[in-house]
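Engineer: mind looking at a prediction? Sequence and model below.
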Amino acid sequence: MVDVEAVDLAASARLLGGHRSLLDLLRGEASVISALFVETNGVYFGLDNVDPWDITRDARQYRGPHPVIAHPPCSTWCQLAYINQKRYGHKVGEDGGCFASALASVTRWGGVLEHPANSYAWPAFDLVRPVRGRWTQDGPRRWLTEVSQSAYGHRARKRTWLLYVGDREPPAVDWREPAPTAQVSFCKNHGNSPLPRLSKKEAKATPIAFREELIRLALYSGNRERVSSACHDNSNAAYFAGGGNPHG
């Protein structure tokens, strides 16, 4: 079982300005977290008790039993999705079922899903729109909020929506929005900002502090008691059969 008090201590230390690496916390726990739809050899690789699922493993095939951190692809759901559709023919929402699978996994196994703010996936899947500064509850086990990754060290503002599923209300996160020093837009005619544009690689990167925040949330989700019974059902397949993919 996850030591919730230990997780709370880590959260308190961070909020009070102290620092205790969640890697140290993980090394002392028996829990495993699965990180889905992550970059090969990226920030989730090489961590004790974190099981990364990159493109070679196909996270759509995840069947549990661990809580997840889900980073489903966003290119067909983000604010540039309609521009991408016009330019490249990539239809809005057609992601091969990745978002539907990520949502099914976090719903079944607990943890946290992240996507760009104003993602078109939210209305497509009838999800509650998050607000900044607090968690909004949507049902008995699901909460949503908005954060800025600039609060966690990203050079751009990078507003992000979080969907958390767990057996207890999620802890507070860092809702600050420090001024960005760069922008992620790749459109040369996008606004008049003097800030430099990040490379695609740097724009997509997950800051270490943000990774640790997501690990903290996944640990906190406390989904242990559901594992034994859930091992005998195929919840992802049931989700798709029930029409979870709006484009299926």
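Structural biologist: Received, thanks.
Engineer: what does stretch 195-210 contact?
Structural biologist: 39, 42-43, 71, 149, 152-156, 158, 180-186 (C-beta atoms under 8 Å, 6 or more residues apart in numbering). C-beta here means a position set from N, CA and C on the backbone, and glycine is covered the same way.
Engineer: please redo it, this time with the cut-off set to 7 Å
Structural biologist: Contact with stretch 195-210 is made by 43, 149, 152-156, 180-186, as judged by C-beta atoms under 7 Å, 6 or more residues apart in numbering.
Engineer: among those residues, which one lies nearest to Leu163?
Structural biologist: Within those, proximity to Leu163 (C-beta to C-beta) peaks at Gln149, which comes in at 15.8 Å.
Engineer: returning to what we had before: now the two most distant members of the contacts of stretch 195-210.
Structural biologist: Taking C-beta to C-beta, no two of the contacts of stretch 195-210 sit farther apart than Val43 and Ser185, at 23.1 Å.
Engineer: related to what we said a few turns ago, among the contacts of stretch 195-210, which one has the lowest pLDDT?
Structural biologist: Within the set of these, pLDDT is lowest for Phe186 (52).
Engineer: dump the contacts of stretch 195-210 into TSV; add neighbour count, distance to Gly166 and secondary structure as well.
Structural biologist: Putting the contacts of stretch 195-210 into TSV (neighbours: other C-beta atoms under 10 Å; distance: C-beta to C-beta, whole Å; DSSP: H, G, I helix; E, B strand; the rest coil) gives the following:
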residue	neighbour count	distance to Gly166	secondary structure
Val43	18	22	coil
Gln149	24	22	helix
Tyr152	22	20	helix
Gly153	13	25	coil
His154	24	25	coil
Arg155	19	31	coil
Ala156	20	29	coil
Pro180	18	30	coil
Thr181	13	34	coil
Ala182	19	33	coil
Gln183	19	33	strand
Val184	23	29	coil
Ser185	17	34	coil
Phe186	13	35	coil
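Engineer: need the residues you listed in TSV (columns: distance to Leu198).
Structural biologist: Shown next, in TSV, are these (distance: C-beta to C-beta, whole Å):
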residue	distance to Leu198
Val43	16
Gln149	12
Tyr152	15
Gly153	13
His154	9
Arg155	6
Ala156	6
Pro180	10
Thr181	10
Ala182	5
Gln183	7
Val184	6
Ser185	9
Phe186	9
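Engineer: alpha carbons of the helix or strand where Ala209 lies, as PDB, please.
Structural biologist: According to DSSP states H and E, Ala209 maps onto helix 208-220. Written as PDB, here are the backbone C-alpha positions of helix 208-220 (Å, rounded to 0.1, in the frame of the first residue of the first chain):
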ATOM      1  CA  ILE A 208      11.200  17.300 -13.900                       C
ATOM      2  CA  ALA A 209       9.200  19.200 -11.300                       C
ATOM      3  CA  PHE A 210       6.000  18.600 -13.300                       C
ATOM      4  CA  ARG A 211       6.800  14.900 -13.700                       C
ATOM      5  CA  GLU A 212       7.200  14.600  -9.900                       C
ATOM      6  CA  GLU A 213       3.900  16.400  -9.300                       C
ATOM      7  CA  LEU A 214       2.100  13.900 -11.600                       C
ATOM      8  CA  ILE A 215       3.900  11.000  -9.900                       C
ATOM      9  CA  ARG A 216       2.700  12.400  -6.500                       C
ATOM     10  CA  LEU A 217      -0.900  12.500  -7.800                       C
ATOM     11  CA  ALA A 218      -0.800   9.000  -9.200                       C
ATOM     12  CA  LEU A 219       0.600   7.700  -5.900                       C
ATOM     13  CA  TYR A 220      -2.100   9.600  -4.000                       C
END
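Engineer: tell me where the protein has strands.
Structural biologist: Assigned by DSSP state E, the strands in the chain fall at 33-36, 50-53, 68-70, 111-116, 136-137, 142-148, 159-165.
Engineer: show me what the mean pLDDT comes to for the shortest one.
Structural biologist: Read that as strand 136-137. For strand 136-137, mean pLDDT is 96.
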